[in-house]
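Peer 1: Model the structure of this input:
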Amino acid sequence: MDTTTINTQLVNTDLFDTDGAIYMGSQRDPAGCRVGLFGVPYDGTTSFRPGTRFGPGAIREVSNGLETYCPQLDQDLEDLNFADLGAVDIPFGAPEPVVTAVKQATETVLALGLKPLMLGGEHSISSGAVAAVAARHPDLVLVQLDAHADLRHEWLGASHSHACAMRRCLEVLPSQQLLQIAIRSGTREEFSELRNTGRLVAIERMTDALKPLRGQPMYLTVDLDWFDPAVMAGTGTPEPGGFLWGDFATLVDELRHHQLVAADVVELAPQLDPSGVSSVLASKVTRSLLMLLHQ
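Peer 2: Numbering: from 1, shown residues only. Okay, here's the model as predicted:
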């Protein structure tokens, strides 16, 4: 039995549900692909406005409204080989089993020889994916786009709350290299830690801070509330003072020179934005990350 057959059997487990929409230009069969996209429809620890469980489906559903070609990266999805593996089959209720399921799903994607791109869902799921990727890349660098620091030890009695996402990621990140780009909300204690550790990177210094990390394996986690509510109304915890597509495009220009090995896009709550613009923005972020992971 050849490797392709073995790998295909790994995906044909109960980890993924392939019902529903598929991201434009993708295929279900991972054979010959370089990137594996999957969704995690979970929002069990949402602290303000729920609905991120609908995020992965919305990103897929609106993707066909975008062009397959990206002029910034000069790439076309039609020329790339990537698989949409479906949604992780997750349990209802507490976040801990969900994080475990995400870790197992990410390990499966890695075992296929694919770079993982996870669509959330809320941010609490990221630690499961980071743990799996860091096991393959002990020198992994984690870069966070987010309105919030997410460094609480617990929130509302839950240690795996979305408000604790980066705290949990640090626990599974051997390198302890975390860059938190232009965080604008958090507790006094969180901001004290951000400043004392040097993890907080101002938007004006983003490119300069990332350049020394060229050549190191990198995981990018994109909490969509990093964007300003003017362009990203569809998120559970919007925070004024955010960023626009041009700021993200600046990051994309720098990431072309990096070894991006995995990424996630989380915290889209599509029903909170009746215009649908938030879903389109999230889908376009996903398109850029697919292309960066494929290079």
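Peer 1: pretty sure A249 is in a strand, no?
Peer 2: No: counting by DSSP: H, G, I helix; E, B strand; the rest coil, A249 is not part of a strand but helix.
Peer 1: Spit out the contact partners of it.
Peer 2: Q72 (CB atoms under 8 Å, 6 or more residues apart in numbering). For every residue, glycine as well, the C-beta is placed using N, CA and C.
Peer 1: Check the gap between it and C70 for me.
Peer 2: According to CB to CB, to the nearest Å, A249 and C70 sit 10 Å apart.
Peer 1: ok, now S192?
Peer 2: 39 Å.
Peer 1: if you count what's nearby, which of these two comes out ahead?
Peer 2: The neighbour comparison of S192 against C70 (other CB atoms under 10 Å) goes to C70, with 18 against 11.
Peer 1: what's the distance between the more buried one and E154?
Peer 2: 40 Å.
Peer 1: all helices in the protein, in order from the N-terminus.
Peer 2: 3-11, 55-63, 95-111, 126-136, 165-171, 188-197, 206-210, 245-255, 277-294 (DSSP state H).
Peer 1: okay if I get those helices as TSV plus distance to Q144?
Peer 2: Compiled in TSV, the helices of the chain are given as follows (distance: least, CB to CB, whole Å):
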stretch	distance to Q144
helix 3-11	29
helix 55-63	18
helix 95-111	17
helix 126-136	9
helix 165-171	6
helix 188-197	11
helix 206-210	12
helix 245-255	12
helix 277-294	14
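Peer 1: could these be laid out in a markdown table, adding mean pLDDT?
Peer 2: Shown next, in a markdown table, are the helices of the chain (pLDDT from 0 to 100):
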| stretch | mean pLDDT |
| --- | --- |
| helix 3-11 | 47 |
| helix 55-63 | 98 |
| helix 95-111 | 94 |
| helix 126-136 | 97 |
| helix 165-171 | 96 |
| helix 188-197 | 96 |
| helix 206-210 | 98 |
| helix 245-255 | 98 |
| helix 277-294 | 98 |
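Peer 1: closest one to T18 among those helices?
Peer 2: helix 3-11 (9.3 Å; CB to CB).
Peer 1: Confirm for me that A182 is in contact with R199.
Peer 2: No: the pair A182 / R199 is not scored as a contact, 11.7 Å apart, by CB atoms under 8 Å.
Peer 1: Please name the residues that touch C164.
Peer 2: Here C164 is in contact with S124, D150, L151, R152, H153, E154, W155, A158 (CB under 8 Å, 6+ apart).
Peer 1: Report the buried members of those.
Peer 2: S124, D150, L151, R152, W155, A158 (16 or more other CB atoms under 10 Å).
Peer 1: pLDDT-wise, what's the bottom of these?
Peer 2: For the buried ones among the contacts of C164, the weakest pLDDT value sits at W155, with 67.
Peer 1: Hmm, R60 is touching A21, no?
Peer 2: Yes: under the criterion of CB under 8 Å, R60 makes contact with A21 at 3.9 Å.
Peer 1: Which one's more surrounded, the two?
Peer 2: Remark: of R60 and A21, R60 carries more neighbours, 24 against 16, as counted by other CB under 10 Å.
Peer 1: any idea how far Q216 is from that one?
Peer 2: 31 Å.
Peer 1: and if you look at V222?
Peer 2: Counting by CB to CB - V222 and Q216 are separated by 19 Å.
Peer 1: swap in G128?
Peer 2: 22 Å.
Peer 1: out of those two, which sits in the busier spot?
Peer 2: Set G128 next to Q216 and count neighbours by other CB under 10 Å: G128 wins out with 28 against 15.
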